[in-house]
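how would this look folded up:
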Amino acid sequence: MSGLAKVAHNLAVANATATIAKLEALKKTKKDDAVVETCLILYKGVLTPLRFAAEFAASKHYSVAVDLYGVSIDGPARCEDLMSDELTVDGDNLFKLTLMASEFTKTLASS
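Residues are numbered from 1 along each chain as shown. Next up is the predicted model:
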């Protein structure tokens, strides 16, 4: 994995992890809120594909890594639609960071 792809990847993981903590705190104040619970599940679901994307990129299976980054983009985007104001910045940042990691990984495939 190239330096830039790795930086973007690590920032995406950090963003997702911080957003999960934010959602867990929100869940405590909004008990029985299905939207918060749904978003928490979606954000937790991002971490596994991100981890696998890094592993596939490290083993030079770049197309698989790019596909896994694509999976990571979808869930938080849906959550942003559900919670709009509370997660707009978090979801937008995760989208951009994951997209950057994906694009940097694509450049590795073509080099």
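
And for the worst-scoring helix or strand of the chain on mean pLDDT, what's in contact with it?
Least confident helix or strand, the chain: helix 62-83 with a mean of 84, by mean pLDDT, DSSP states H and E. Residues outside helix 62-83 that contact it (Cβ atoms under 8 Å, 6 or more residues apart in numbering): 12, 16, 19, 35-36, 38-39, 42-43, 45-46, 49-50, 52-54, 56-57, 87-88, 90-92, 94-95, 98-99, 101-102, 105-106, 108-109. (Glycine included, C-beta is placed from N, CA and C.)

could you point out which element follows the longest helix seen in the chain?
Looking across the chain with DSSP state H, the single longest helix is helix 3-29. For helix 3-29, the following helix or strand on the C-terminal side (DSSP states H and E) is helix 34-58.

Report the angle between that next one and helix 3-29.
160 degrees (axes from the mean of the first three to the mean of the last three Cα atoms, to 10 degrees).

contacting residues for residue 27?
33, 36, 37, 40.

ok, of these, which one's closest to residue 3?
Nearest to residue 3 out of those is residue 40 (Cβ to Cβ; 31.9 Å).

What is the burial count for that closest one?
For residue 40, the tally of surrounding residues (other Cβ atoms under 10 Å) stands at 19.

what's the spacing between residue 7 and residue 94?
15 Å (Cβ to Cβ, to the nearest Å).

Let me fix that, I meant to ask about residue 57.
18 Å.

Likewise for residue 24?
Taking Cβ to Cβ, one finds residue 24 at 16 Å from residue 94.

Which of the two has more residues huddled nearby?
Using other Cβ under 10 Å, the more surrounded residue of residue 24 and residue 94 is residue 94, with 29 against 13.

what inclination does the helix or strand that one falls within have with respect to helix 3-29?
Using DSSP H and E, residue 94 falls within helix 88-110. Interaxial angle, helix 88-110 versus helix 3-29 (the same axes, to 10 degrees): 150 degrees.

Which strands or helices does helix 88-110 pack on?
helix 3-29, helix 34-58, helix 62-83 (3 or more Cβ pairs under 8 Å, 6 or more residues apart in numbering; DSSP states H and E).
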